[in-house]
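Undergrad: turn this into a structure:
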Amino acid sequence: MAGHQAQLSKGEAGEAVAPPRPHHAVHYVNRIGWLRAAVLGANDGIVSTASLLTGVAASGASREAILLSGVAALFAGAMSMAAGEYVSVSAQSDTERADLAKESRAIAQQPKEEWAELRDIYVERGLSPDLAAQVADQLMAADPLGAHARDELGISEVTTARPVQAALTSAATFSAGAIAPVMAAVAGPASHAIMTVAVISLLCLALLGYIGARLGGGKVWPSVIRVVFWGVLAMAVTTGVGRLFGAAL
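TA: Okay, here's the model as predicted:
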């Protein structure tokens, strides 16, 4: 009881009040690792599948051929996104590990030079030389590699590469995005397949732009406009190609 009371402070009226709790803000950048892969996967799933479907439909293909193309695009695209994300993010992860190993050797072999490098970084950021030296002293004593990774290399827990997370997120969101145009092709009449797929896909793209902006803290309308614009352009091009080659064949 006494220990609990000792942790309390006096308010203006003399009453005991609890000390303020630590403030831990949640920042949008904390979501960047999975949000980028999610938006990329969903956008690619909608745009590429819808574009393929409108192009095949414009060529005069049968309903069965259109649906088969959509299903094939869904599975092939999901696997391609997973493989592409894993390979590219793994390359980034390999580079980060190589830089950390190099930095670790430098700290072990020339600690004074690395301390001076860290101090100079803080001076460039606005600290006085004396204060920068104190900060460098404490960080080099506590976690020298972590300090250099964060402040020299720009590698942190928030931005570090995670290949498996990126691959799974992209594959899942691509599939979720690709389902919409495929279902539109299934539900709509064959004679209006292009219009049905295009309208449903553009609505899904607008929703994706809205959700991405809200999760990332960006402006909604610019986000919606850019994803819809590129979706319209992609579908217009593939529809034109489908009509051209369909007529030629």
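Undergrad: going by C-alpha atoms from here, please, whenever you check contacts or count neighbours.
TA: OK.
Undergrad: for the protein, give me the ranges with low pLDDT.
TA: Counting by pLDDT under 70, the chain contains low-confidence ranges at 1-35, 156-161, 246-249.
Undergrad: where exactly do the strands run in it?
TA: Secondary structure of the chain (DSSP state E): strands at 9-10, 16-17.
Undergrad: check contacts around Ala206.
TA: Applying C-alpha atoms under 8 Å, 6 or more residues apart in numbering to Ala206 gives the contacts Val224, Ile225, Val227, Val228.
Undergrad: do that again at 6 Å, thanks
TA: Val224 (C-alpha atoms under 6 Å, 6 or more residues apart in numbering).
Undergrad: ditto for Pro129
TA: Per C-alpha under 6 Å, 6+ apart, neighbours of Pro129: Val123.
Undergrad: how close does it get to Ala57?
TA: Distance of Pro129 to Ala57, computed by C-alpha to C-alpha, to the nearest Å: 68 Å.
Undergrad: also Met81?
TA: 24 Å.
Undergrad: what about the spatially closest residue to Arg226 that is not a sequence neighbour, neighbour count?
TA: For Arg226, ignoring the flanking residues on the chain, the nearest one in space by C-alpha to C-alpha, 6 or more residues apart in numbering is Gly209 at 8.0 Å. Gly209 has 24 neighbouring residues, counting by other C-alpha atoms under 10 Å.
Undergrad: also Lys102?
TA: Residues near Lys102, counting by other C-alpha under 10 Å: 11.
Undergrad: likewise for Asp130?
TA: Taking other C-alpha under 10 Å as the neighbour definition, Asp130 ends up with a count of 11.
Undergrad: and Ile107, by the same measure?
TA: Applying other C-alpha under 10 Å, we find 18 residues neighbouring Ile107.
Undergrad: find the nearest non-adjacent residue to it, please.
TA: In space, and not counting its chain neighbours, Ile107 is closest to Glu114: 6.0 Å by C-alpha to C-alpha, 6+ apart.
Undergrad: look up how far Ala101 lies from Trp230.
TA: Trp230 is 41 Å from Ala101, by C-alpha to C-alpha.
Undergrad: how about Ala166?
TA: Distance of Ala166 to Ala101, computed by C-alpha to C-alpha: 24 Å.
Undergrad: what do you get for His192?
TA: His192 sits 59 Å away from Ala101, going by C-alpha to C-alpha.
Undergrad: quick one: the helices in this protein?
TA: Assigned by DSSP state H, the helices in the chain fall at 2-6, 32-58, 63-109, 111-124, 129-142, 144-151, 163-187, 193-216, 220-248.
Undergrad: now the fourth one: buried residues?
TA: Within helix 111-124, the residues that count as buried by 16 or more other C-alpha atoms under 10 Å are Glu114, Trp115, Leu118, Arg119, Asp120, Ile121, Tyr122, Val123.
Undergrad: Ala37: which of these is nearest?
TA: The closest of the buried residues of helix 111-124 to Ala37 turns out to be Ile121 (C-alpha to C-alpha; 31.7 Å).
Undergrad: who touches the spatially most central residue of the chain in this structure?
TA: In the chain, the C-alpha nearest the mean C-alpha coordinate belongs to Arg36, at 1.4 Å (C-alpha atoms, centre = their mean). Contacts here follow C-alpha under 6 Å, 6+ apart; on that basis Arg36 touches nothing.
Undergrad: for Gln134, see how far away it is.
TA: Counting by C-alpha to C-alpha, the separation of Arg36 from Gln134 is 37 Å.
Undergrad: burial count for Leu100?
TA: Around Leu100 sit 18 other residues, with neighbours defined as other C-alpha under 10 Å.
Undergrad: nearest spatial neighbour of it, skipping sequence neighbours?
TA: Among residues not flanking Leu100 along the chain, Ala149 sits closest, at 6.8 Å (C-alpha to C-alpha, 6+ apart).
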